[in-house]
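Peer 1: What follows is a predicted protein model with its sequence.
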Amino acid sequence: MSGHNRWSKLKRAKAVQGVQKGRLYSKLIKELTVAARLGGGDPQHNPRLRLAISAARQANMPTDNIARAIQKGTGELEGVHYEEVVYEGYGPGGVALIVECLTDNRNRSANDVRNALQRFGGNLAAVGAVSFLFEKKGSIAVKPGPSEEEVMEKAIDAGAEDVIALGAEGFEVRTAPADLHAVALALEQAGLPLGEQRWTHLPTTTVRVDDREKAKQLLRLLEALEENDDVQHVHANFEMDEALMDELSG
């Protein structure tokens, strides 16, 4: 598992289980609202909204909260207008970062992202300076239970591009971005126990971070970014020893 995938799983587990749940719900509500505003309130005809609803349910968000967020997006209820902004930058050790935001104040978000990068040894970069180091993919989590052979066979039949074995954490099925929903539906109908489904940015090259101080700075930077209310997702291209990451993020 890549360093950032491991970090993301640690953060999501903490968010769902503990004091970060309120912040997680806030980010999910923003995504539900924006998805409904851009594509309508019917998840059957709005792939982004289907993903947002799936993520909210994975986080055990109450159904009423989901419904209200969608209604704010469609205009049935009054709500804040959020816009999507993407920032690119570098962290300690030359790690490339893509920071995706939903915000009602672009200047605030830009300042917050810039300040976090500078505070932890990074810097903001120009548009396009980092994005070429990543490729967008669909990602479907398969929960532990089925064998690797079973997941591989059903994923290939469903049109997936790759299957990554994650040991005790199950599997990750990767797809072309446009195929995410069709593959997920086929896997569900084939009886596989699915978890999170999302679009992600996967690095085409990675940067190994072994220096303890740089690793500490990098993890603090990621935490500062992900704890910002405007930041929805952070993608990074680092590799790090799991033992070191667990120790520093504990």
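Peer 2: Yep, it's here.

Peer 1: List the contacts of the residue in the chain sticking out farthest from the centre.
Peer 2: Most distant from the centre of the chain: residue 76, at 28.0 Å, with distances by CA atoms, centre = their mean. Residues near residue 76 by CB atoms under 8 Å, 6 or more residues apart in numbering: residue 41. All C-beta atoms are positioned from the backbone trio N, CA, C, and that covers glycine.

Peer 1: distance of it from residue 70?
Peer 2: 8 Å (CB to CB, to the nearest Å).

Peer 1: Spell out which residues are contacts of both of these two.
Peer 2: In terms of CB under 8 Å, 6+ apart, residue 76 and residue 70 are both contacted by the residues residue 41.

Peer 1: any chance you could map the helices in this structure?
Peer 2: All helices of the chain, identified by DSSP state H, fall at 3-17, 21-39, 47-58, 63-74, 106-119, 148-158, 180-189, 212-226, 242-249.

Peer 1: packing partners for the second one?
Peer 2: Packed against helix 21-39 by the contact rule (3 or more CB pairs under 8 Å, 6 or more residues apart in numbering; DSSP states H and E) you find helix 3-17, helix 47-58, helix 63-74, strand 96-103, strand 231-236.

Peer 1: export these to JSON lines and tack on mean pLDDT and mean neighbour count?
Peer 2: Below are those laid out as JSON lines (pLDDT from 0 to 100; neighbours: other CB atoms under 10 Å):
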{"stretch": "helix 3-17", "mean pLDDT": "61", "mean neighbour count": "18"}
{"stretch": "helix 47-58", "mean pLDDT": "92", "mean neighbour count": "20"}
{"stretch": "helix 63-74", "mean pLDDT": "96", "mean neighbour count": "18"}
{"stretch": "strand 96-103", "mean pLDDT": "96", "mean neighbour count": "22"}
{"stretch": "strand 231-236", "mean pLDDT": "94", "mean neighbour count": "23"}
